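Q: no sequence for this one, just the structure:
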């Protein structure tokens, strides 16, 4: 019987980075963690609102059977929301593990805005590289990237945070890829310079040549645009 031999975790085919993760620095600067905290707050607030609404319906119904039913359903939904508060960070894992097991990829500052910037990254959507690579452009909006100049063309080494393989993994594609700057993990600029050099010059040149395609990538499904 045939089996799926496609690797399901970062693998020796991938280019991994040696990143000394500073936990205090991560908590202060990593915008992915800030997004997780916002999701946790949203889940908690939604759960509390739904539970309160369920209790309100129950009291309005004078404890009628239908009121108990609605309140019970609200309670189940609220418990699910509250469970997400703990599930989201467990699913994401530690930042040290994420940086250690995510592929090192190049990104450049493609746009500078009054309140942030846009990164354009070159990633590979293929899960199993023995079946061929699928070079793809990806974008990410950031507020700031410490240790880097805020100018168009600035080279920003990142790791590619991936997930959500489609069709139960049968098509060998990642459906979600988000570049996460190494600068969010460490204040050591020597590390940033070292990782810039570890990425082949040809990949940086590919990004430079495609820098004006940011809007095209941003409007593509999942912010991923395959390169021909």
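A: Thanks, I have the structure now. Remember, predicted model here, so these are calculated numbers, not experimental data.

Q: now this structure, which segments are flagged as low pLDDT?
A: Residue ranges of the chain with pLDDT under 70: 1-12, 33-44, 84-93, 164-170.

Q: who's the most centrally placed residue in it bridged to?
A: The centroid of the chain falls nearest to residue 178 when counting by Cα atoms, centre = their mean (4.2 Å). Beta-bridge partners recorded for residue 178 (DSSP bridges): residue 161.

Q: Strands of the chain, residue ranges please.
A: Assigned strands in the chain, in chain order: 103-105, 107-113, 116-124, 135-142, 158-165, 174-181, 224-226 (criterion: DSSP state E).

Q: and the direction of the fourth one versus that of strand 107-113, what angle?
A: Orientation note: strand 135-142 sits at an angle of 40 degrees relative to strand 107-113 (axes from the mean of the first three to the mean of the last three Cα atoms, to 10 degrees).

Q: Check what contacts strand 135-142 and list those residues.
A: With Cβ atoms under 8 Å, 6 or more residues apart in numbering as the test, strand 135-142 has contacts from 31, 107, 110, 116-125, 160, 177-181, 206, 210, 213-214, 217-218, 223-227. Yep, even glycine has a C-beta here, placed from its N, CA and C like the rest.

Q: if we can go back for a sec, to residue 71, which of the strands of the chain lies closest?
A: Residue 71 lies closest to strand 158-165 among these, at 34.4 Å (Cβ to Cβ).

Q: other SSEs contacting the closest one?
A: Helices and strands touching strand 158-165, by 3 or more Cβ pairs under 8 Å, 6 or more residues apart in numbering; DSSP states H and E, are helix 95-101, strand 103-105, strand 116-124, strand 174-181.

Q: What I need now is the ones you listed written out in TSV, including distance to residue 13 for each item.
A: Formatted as TSV, the helices and strands packed on strand 158-165 follow (distance: least, Cβ to Cβ, whole Å):
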stretch	distance to residue 13
helix 95-101	13
strand 103-105	9
strand 116-124	9
strand 174-181	13
